[in-house]
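A.B. asks: Sequence and predicted model, in that order:
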Amino acid sequence: MHLIDTHTHLDFPDFNADRSELLTRCRSRGIERLVVLGVHQANWQRVLDLVQAEDSLYAAFGLHPVYLDEHQPEHLSELRDWLTRCAGHPKLCAVGEFGLDYFLEQLDRERQQQLFEAQLKLASEFELPALLHVRRAHAATIATLKRLKPARGGIIHAFAGSTEEAREYLKLGFKLGLGGAPTWPQALRLRKVVAQLPLEAIVLETDSPDMAPSMHPNQRNSPDYLPDICAALAELRGISAEELASASSRNAAALFCWD
């Protein structure tokens, strides 16, 4: 089985004690590449240092909406400078994580929208995919994507929308990131949507250390759980884990322009 984890936060302190051992386990379980996403200006260098030290890791840099109060006006121009310095670097694969979060009511939606649009424009300018956080904000996200039309598409991370919303994202050139959430039996609506998605829409992810799957409850999520997530989602769809792994990895490699 050959797998790609399209969304991790391996730079987080949660992994400081066993990061090397974890990556060894990932290799032994067929996880060949992992994307590590920057979420605020203070962790971009840490992400870059990490991915340069490990062959299997790739980087994305962005300003996550959950950290809205930490983002300063100059951080957007710093992100552009950062992408300029890293342009063409073999370990840079996307802009992200960024997007809209309407679940947390204290986050100013106008400021979120401004940051969202600015980073979408950076993704187009640097011809990179956009790795998007979308929580309770599908309508606003889809409307913005239709207006700005990012050239390389991207991934809707932790997709939990409807079948209709999935179709809209696919028309816009986006893949749908699936991880631990649909492995939970109580996620009835999401499981129904996942079972109906075309294989070409799906990329797999863990969002580690968050969003642990049902087979590893109440603990730190980990990239080496990706084969378990793949097996659970394949069973949900009535196909083999190998078929889902192959399709999702093919989709991810095409999106990131990997051989």
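C.D. replies: Received, thanks. Numbering: from 1, shown residues only.
A.B. asks: now the helices: where do they sit in the stretch 151-259 of the chain?
C.D. replies: For the stretch 151-259 of the chain, the helices defined by DSSP state H, counting those that start in this stretch occupy 163-171, 188-196, 226-237, 241-255.
A.B. asks: Tabulate those helices in CSV, adding columns for distance to residue 14, mean pLDDT and mean neighbour count.
C.D. replies: In this view, the C-beta of every residue, glycine as well, is placed from N, C-alpha and C. Below are those laid out as CSV (distance: least, CB to CB, whole Å; pLDDT from 0 to 100; neighbours: other CB atoms under 10 Å):
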stretch, distance to residue 14, mean pLDDT, mean neighbour count
helix 163-171, 29, 98, 16
helix 188-196, 25, 97, 15
helix 226-237, 17, 98, 21
helix 241-255, 23, 98, 19
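A.B. asks: Output those as a markdown table; include the columns distance to residue 156.
C.D. replies: Shown next, in a markdown table, are the helices of the stretch 151-259 of the chain (distance: least, CB to CB, whole Å):
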| stretch | distance to residue 156 |
| --- | --- |
| helix 163-171 | 5 |
| helix 188-196 | 12 |
| helix 226-237 | 16 |
| helix 241-255 | 12 |
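A.B. asks: Looking at these, spot the one closest to residue 153.
C.D. replies: helix 241-255 (7.0 Å; CB to CB).
A.B. asks: between that closest one and helix 226-237, what angle do the directions make?
C.D. replies: Interaxial angle, helix 241-255 versus helix 226-237 (axes from the mean of the first three to the mean of the last three CA atoms, to 10 degrees): 110 degrees.
A.B. asks: Which strands and helices lie in contact with helix 241-255?
C.D. replies: strand 3-8, strand 174-178, strand 202-204, helix 226-237 (3 or more CB pairs under 8 Å, 6 or more residues apart in numbering; DSSP states H and E).
A.B. asks: what does it rub up against?
C.D. replies: 1-4, 6, 30, 32-33, 129, 152-155, 175, 199-204, 227, 230-231, 233-235, 237, 258-259 (CB atoms under 8 Å, 6 or more residues apart in numbering).
A.B. asks: And those residues, which of them are buried?
C.D. replies: Neighbour-count burial (16 or more other CB atoms under 10 Å) applied to the contacts of helix 241-255 gives 1, 3-4, 6, 32-33, 129, 152-155, 175, 201-204, 227, 230-231, 233-234, 237.
A.B. asks: Please, where are all the strands along this structure?
C.D. replies: 3-8, 31-37, 57-61, 92-101, 130-135, 154-157, 174-178, 202-204 (DSSP state E).
A.B. asks: Would you format those as a markdown table with distance to residue 51 included?
C.D. replies: Formatted as a markdown table, the strands of the chain follow (distance: least, CB to CB, whole Å):
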| stretch | distance to residue 51 |
| --- | --- |
| strand 3-8 | 11 |
| strand 31-37 | 6 |
| strand 57-61 | 4 |
| strand 92-101 | 9 |
| strand 130-135 | 14 |
| strand 154-157 | 17 |
| strand 174-178 | 19 |
| strand 202-204 | 18 |
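A.B. asks: Could you provide the ones you listed in a markdown table, with additional columns for mean pLDDT and distance to residue 70?
C.D. replies: Formatted as a markdown table, the strands of the chain follow (pLDDT from 0 to 100; distance: least, CB to CB, whole Å):
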| stretch | mean pLDDT | distance to residue 70 |
| --- | --- | --- |
| strand 3-8 | 98 | 20 |
| strand 31-37 | 98 | 16 |
| strand 57-61 | 98 | 15 |
| strand 92-101 | 98 | 13 |
| strand 130-135 | 98 | 15 |
| strand 154-157 | 98 | 19 |
| strand 174-178 | 98 | 24 |
| strand 202-204 | 98 | 28 |
